[in-house]
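Undergrad: model the structure of this input:
(chains A and B)
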Amino acid sequence: MRLSHAFIPTQKEIPAEAAIPSHQLMIRAGLMRQLTAGVYSFLPLGFRAILKAIQIVREEMNAIGGQEFLLPALNPESLWVQSGRRDIPNFILSIKERDLVLAPTHEEVIAQIAGMHIQSYKDLPQIWYQIQTKFRNEPRPRSGVLRGRQFIMKDSYTLDTSFENLDIGYDKHAEAYRKIFTRCGLKFFVVGAYSGAMGGTGSQEFMVESTSGEDTVVLCQKCGYAANLEVAKSSVAGVGRIAESKSPAEIHTPNVHTIDELAVFLNIEHKWLAKSLVYQHNSKPLLILMSGNDQLNEAKLGTALAGGEFRAMPAEELSKLTGADAGSIGPLGLKGFRIIADKRLEGANNLISGANRNDYHIANIDMQRDVKVDGYFDLRTVESGEACSSCGSPLKITNAIELGHIFKLGTKYSDALNVTYLDENGQSKPVVMGSYGIGIERIIACAIEQNNDKDGIVWNTALAPYPVHLTAINMNNNDIVTTADRLYKSLNEAGLDVLFDDRGNVSPGFKFKDADLLGMPVHVIVGEKGLKNNQIEVKLRRTGIRTMVPIDDLIPTVKKLLAD
RNA sequence: CGGGGUGUAGCGCAGUCCGGUUAGCGCACCUGCCUUGGGCGCAGGGGGUCGCAGGUUCGAAUCCUGUCACCCCGACCA
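TA: All right, here's what the predicted structure looks like:
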């Protein structure tokens, strides 16, 4: 491609709306432009990068036996009513003029096709995938393409006869994903993840560490334990019992509202304080007891409650219902509440909690004797530095971008949409499904987040829109023009895609700045300096190292550099 | 959905508090000359319903009311 005729609008200034490096650079380097919140137009250069990523994904999906589909983005609303996902909050965008919705994912359509045509165990297993545009009603799109309302996703689905066979397809995907992200040159890690309302029996996320990421993950750098904070565990001792279990006693605690204040007021360790959190679960009041300042993890709470809607009770309702304000709530004497507690409190005694009366707490609470607990669950959020539950080393907490997510779905959708097969005995059984996603734009954004410097993007060969950037330093010099034209031709003939800066009346400095901003891995520079000695300059974007090579050695040199 | 912020030329911004020439600056763009190894120089030029609607006023980018859009923090995110 000749830059003199290319549409690659670069800009010197950082766009005001972009807060993270990948977003800034994707705009500055002319890869994309925003159309509206969470929706981006990919320009030719950006689309080339997208196509590179798609091709890698496609090859690895085909390698595990995936069959590529193209499913419609327009779906009948009724299909989503049938699966029970029509009314998930902030999920589906719909069409005003018809009873159609824009598909946010494709389990439903896959199930519909499978339901029609999968009849026998002989038809299974299947791996079906597509690479297609998805639409979601994101309340707050942000961070460029990291969270959009419209995005390209590789989504695949496994159909199997059993959970054992599901594991095979799931493991194939895990392996394919490792290959995909490795080929894309990304430093990634895999974490155990929350399955949430997606349902199913297990899931893992493929993550890239980044301060721009929206997910929080827990990592053990010694043994490799890695989990999304939503499900992460650590080794924290239970509160435990002391020998003597005294009788509950009310204590006056004027103007003490927080756990920290209470600990200071009573001069006591935090762990003996049972913090009360009041929630509503399916509109019924729920008291959650945590030890000290342990933070409730709402994802874990969701798992513990096994479905239904829950939310923290607003302060007004709370005081109306209990007669006390938040900070003075406790398990004793509380009527009409279901009570659950964090595992750390199991069996503990000598605890202090609110008296359901402002300015009073109750001491010597014995969880076994005094509190009717409807279950102990792991509800606490892991904190940085806590001991790894596998090896005891301190855990690290970091932000990450989710590139891919793999789910063992089970029969949730086959049950809802009646997808069955006949087994060897002629028995009708539900098809066991798995579902697997990769965000294509996120591959590009992560690659840029991980590979940029003050001058611009640093592409690796796998994703670079063009592997070679060729610059003619001075278009008024006939030798340079002739040589650069000839090299452009021969590089193309050698199978290398070249972006050729043949612009006249553009200063060398400007061309260098643009080349660095666009960030192609190998920069070939044709200038008077080298030409005097029949040499061409080759610069590596990543290292900035320049070498002079004889003209005849150029193509093998470039090929070698790209392969490294 | 709660909190905060911003809408003025393609991009980045000033001007708005305190109403008053022809709405300015840098970059980009166009023409000519010049220059060619790190976003050249000189001269000339084009481009604006000041987000939108209504109101106040002799007069509104500026004040008032409403509304829309976008960004950031949080909530949310199968």
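Undergrad: interface residues of the stretch 401-550 of chain A facing RNA strand B?
TA: A:405, A:407, A:435, A:437, A:455, A:473-477, A:504-510, A:512-517, A:525, A:527-530, A:537, A:539, A:546 (CB under 7 Å from any atom of the strand). Heads up, the C-betas are built off the backbone N, CA and C, glycines and all.
Undergrad: the top strand by length along chain A: how far from the chain's middle?
TA: For chain A, the strand with the greatest residue count under DSSP state E is strand A:396-410. Counting by CA atoms, centre = their mean, to the nearest Å, strand A:396-410 is centred 5 Å from the centre of its parent chain.
Undergrad: what strands line up against it, and which way round?
TA: Here strand A:396-410 has these sheet partners by DSSP bridges: strand A:202-209 (antiparallel), strand A:215-219 (antiparallel), strand A:432-439 (antiparallel).
Undergrad: for it, which residues meet the burial criterion?
TA: By neighbour count on 16 or more other CB atoms under 10 Å, the buried set for strand A:396-410 is A:397-410.
Undergrad: can you give me the mean pLDDT across that strand?
TA: Average pLDDT, strand A:396-410: 93.
Undergrad: what pairs with the residue nearest the centre of chain A across the strands?
TA: By CA atoms, centre = their mean, chain A has its centre lying nearest to A:Glu402, at 1.8 Å. With DSSP bridges applied, A:Glu402 shows beta-bridge pairing to A:Met207.
Undergrad: contact partners for it?
TA: A:Glu205, A:Phe206, A:Met207, A:Gly213, A:Glu214, A:Asp215, A:Gly439, A:Arg442 (CB atoms under 8 Å, 6 or more residues apart in numbering).
Undergrad: what distance do you get for the first one to A:Val145?
TA: A:Glu205 is 18 Å from A:Val145, where distance means CB to CB, to the nearest Å.
Undergrad: just to revisit the earlier point, among the contacts of A:Glu402, which two are most distant?
TA: Maximum pairwise distance among the contacts of A:Glu402 (CB to CB): 14.7 Å, between A:Phe206 and A:Glu214.
Undergrad: show me which of these two is the more surrounded one.
TA: Using other CB atoms under 10 Å, the more surrounded residue of A:Phe206 and A:Glu214 is A:Phe206, with 24 against 13.
Undergrad: how about the strands in the stretch 201-350 of chain A?
TA: A:202-209, A:215-219, A:226-228, A:234-235, A:249-252, A:274-281, A:284-291, A:310-312, A:338-342 (DSSP state E, counting those that start in this stretch).
Undergrad: now do the stretch 451-564 of chain A
TA: So, for the stretch 451-564 of chain A - with DSSP E, counting those that start in this stretch - the strands run A:452-453, A:456-457, A:468-472, A:498-501, A:522-526, A:535-540, A:546-550.
Undergrad: what strands line up against the second one, and which way round?
TA: Strands that pair with strand A:456-457, judged by DSSP bridges, come out as strand A:452-453 (antiparallel).
Undergrad: what does the partner strand rub up against?
TA: Strand A:452-453 has contacts (CB under 8 Å, 6+ apart) with A:Pro21, A:Ser22, A:Leu25, A:Val458, A:Gly519.
Undergrad: over to stretch A:167-185?
TA: By CB under 8 Å, 6+ apart, the surrounding residues in contact with stretch A:167-185 are A:53, A:56-57, A:60-61, A:63-65, A:125, A:127, A:156, A:158, A:160, A:188, A:190, A:202, A:204, A:206, A:403-404, A:406, A:408, A:434, A:436, A:438, A:443, A:447, A:451, A:460, A:462-463.
Undergrad: picking that back up, turn the strands of the stretch 451-564 of chain A into a markdown table, columns for mean neighbour count and distance to A:Asp366.
TA: Listed next are the strands of the stretch 451-564 of chain A as a markdown table, based on neighbours: other CB atoms under 10 Å; distance: least, CB to CB, whole Å:
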| stretch | mean neighbour count | distance to A:Asp366 |
| --- | --- | --- |
| strand A:452-453 | 16 | 58 |
| strand A:456-457 | 24 | 62 |
| strand A:468-472 | 27 | 73 |
| strand A:498-501 | 25 | 74 |
| strand A:522-526 | 26 | 72 |
| strand A:535-540 | 19 | 69 |
| strand A:546-550 | 13 | 75 |
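Undergrad: okay, those in CSV with mean pLDDT next?
TA: Below are the strands of the stretch 451-564 of chain A laid out as CSV (pLDDT from 0 to 100):
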stretch, mean pLDDT
strand A:452-453, 96
strand A:456-457, 97
strand A:468-472, 98
strand A:498-501, 98
strand A:522-526, 98
strand A:535-540, 98
strand A:546-550, 97
